[in-house]
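*Asks:* Sequence isn't available, so here's the structure alone:
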């Protein structure tokens, strides 16, 4: 084993030395090509609109029949909004349409990091992969620009890499130092080693068993959905016409060609539809850019139905936990999980963010986190954190689909091994597709894409080279680190609210507070909270409409981040959000009901509420007081633990069945409540109760499924004119572990027109049949 370790260390050191000697030095931009950087980085350019056009005004501009745009961008995620901003700042007439909301899919569901990728660098060195190494270099360069253009939405975050083997200390130290060296002069801060004692000082929640120390390195962190919205708003202020909820239904083609070459059909625009009103029209453009992430191939096939796919969708699941599982300003990296993936545990927006997974999936507009992935992340967190983490600690869970790019010449399609590189493809019909990449490199991807558009469509912009290096985004121009203090002193808002507004909106926080109403209290004077646990205020709902939010999901998930932080809090805030939006947008009672239903469905499925808080377990949580009362009566008072015999009696009194001690021990082990003395306290008892309720719910679902199968098989035999079998009961399903939803192996019945049985919490998401973008 040791020779292999030494070989790895030698390869890493050699690569680090090569970087230090300049063999792989960073590509520096030619400032002559970016002459406007100095003027744009601090001051707003002349074209910058002080008043943001409304969505209605944007739609009116897009519907002008006599207008031809230089560039039409399809897709309002990180890449699409980045392309729109790059194009419009060069002076090109730019339009952007997005079928859903800005950052409605992958761009709001990331790990929230701005990074080069430590594991990508390791893979590049050990695999001698120059392409992947260059991707890391590019990402580290872009990381620096990312942090400078939106300081209110980004920050440098130290991340601890704990080490549990002595031999890994020099190996990991060399690797992380190389990460510093590749960063060059854009390094955030130098990494450093901590011994065991110091590691536990800075991260007291860390599992100390066999801990040998740790290495702290620095990467960036962002508020991803807010960043995407900022890109869209900045492009709009620069004159681009951008609109969410506008779907491309087909591409417009025209014959083009001069000289000896035969004419050919080229893409010259798109037929679009406002999904809110149903109105359709055509947008004409000299160049159309496909920046639709996981839906890339669907748009490519609008141009050419026979084209081979280049996108391998990969699902990445994340969960949030209470904020006390990590320090407020230090993250954690598990670089060696049980299946080779990397899991981050990070402080983010007052909660703990943990993820991610990485597995093949089907493209869907509503991806659902699986119970298997949630349990995987929880198990990896339990290895690193000594605090007890139970299933009930999960506040939210979501799945984002990464649009990884496949190399058709390679047979290995393992998503963990596919680099996050990007490609730019120009079709025979001049449709430009930008696919792959990651959040950190959105700007350079946009630059390369617009360069390609200028070449393909023979455009002549006033600025031929990209102007987005150092170009401040919405809210960044007058932002300064002490803004929160000014908001607290000048507007009389709570300190946490002031910090939140400064970090969400930058210098636009003042505009938000202008929409706030007095609280009627001596303190705070302004800023009524939506929910007490989080610093969102009601004025943000009104301001979100100015930021092109059109429904409650836009507000609860992407203008605020409440759905990603805590689904229970999101559900608590929903009635007030719908009420306020209804007043602003003139919704009638039917529309308010539709908005509530739609948002609850989003929270239940896409934000994991059905998995995190099932209906029965939610009901059990409401009865917590009764459960606790029964336990304390049996235990003889607060603060006392009791044995399993008393637990058994408590469950009997709650009419939850009679369980023998062995059964109770197994439940205690599964919920992290088991001790050698076979006693549990009040919190552990409640965890056991919730587990029992959840298990009963799963059994009820299985029974319902069996009943439906019996009916379905009987109907099938009648349809086929077959004799009815004496044994009408279907074969019993094989259940491997009833505590884990999805662990059953139930054969599917023949398809019938019967109503479908209730789905379990582990039901996999169906692929969305829609292919329109």
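*Replies:* Received, thanks. Since the structure is predicted, the reported quantities are computational estimates derived from the model, not experimental observations. Residues are numbered from 1 along each chain as shown.
*Asks:* now stretch 376-395, how far from the centre of its chain.
*Replies:* Chain-centre distance of stretch 376-395: 20 Å, with C-alpha atoms, centre = their mean, to the nearest Å.
*Asks:* For it, list every residue counted as buried.
*Replies:* Of the residues in stretch 376-395, 376-378, 380-381, 383-385, 389-395 count as buried by neighbour count, 16 or more other C-beta atoms under 10 Å. Where you see a C-beta, it was placed from the backbone N, CA and C, and this is true even at glycine.
*Asks:* which SS class is the nearest residue to residue 328 once chain neighbours are set aside?
*Replies:* Leaving aside its sequence neighbours, residue 328 sits nearest to residue 347 (C-beta to C-beta, 6 or more residues apart in numbering; 5.4 Å). Here residue 347 is strand, with the state taken from DSSP: H, G, I helix; E, B strand; the rest coil.
*Asks:* what does the one 5 residues further on give?
*Replies:* Counting by three-state DSSP, the backbone at residue 352 sits in strand.
*Asks:* Just list the residues touching it, thanks.
*Replies:* Applying C-beta atoms under 8 Å, 6 or more residues apart in numbering to residue 352 gives the contacts 320, 321, 322, 323, 324, 325, 326, 345, 346.
*Asks:* Ok, residue 473 next?
*Replies:* Applying C-beta under 8 Å, 6+ apart, the residues near residue 473 are 149, 150, 153, 227, 230, 231, 234.
*Asks:* give me the element the fifth one is part of.
*Replies:* Just to be clear, that refers to residue 230. Assigned by DSSP states H and E, residue 230 belongs to helix 224-237.
*Asks:* Distance from that helix to the middle of the chain?
*Replies:* Using C-alpha atoms, centre = their mean, the offset of helix 224-237 from its chain centre is 16 Å.
*Asks:* Stretch 88-101 too?
*Replies:* 23 Å.
*Asks:* Of the contacts of residue 352, which is the nearest to residue 456?
*Replies:* residue 346 (40.3 Å; C-beta to C-beta).
*Asks:* gap between that closest one and residue 151?
*Replies:* 19 Å (C-beta to C-beta, to the nearest Å).
*Asks:* between the two, who's got more neighbours?
*Replies:* residue 346 (22 against 17; other C-beta atoms under 10 Å).
*Asks:* dump the residue contacts of that one.
*Replies:* With C-beta under 8 Å, 6+ apart, residue 346 has these contacts: 111, 112, 113, 157, 159, 221, 326, 331, 332, 352, 353, 354.
*Asks:* other SSEs contacting the helix holding residue 230?
*Replies:* In terms of contacts (3 or more C-beta pairs under 8 Å, 6 or more residues apart in numbering; DSSP states H and E), helix 224-237 is packed against helix 78-89, strand 94-98, strand 241-244.
*Asks:* quick one: the spatially closest residue to residue 210 that is not a sequence neighbour from residue 334, how far?
*Replies:* What sits nearest to residue 210 in space, not counting adjacent residues and going by C-beta to C-beta, 6+ apart, is residue 164, at 4.9 Å. Between residue 164 and residue 334 the distance is 11 Å, computed by C-beta to C-beta.
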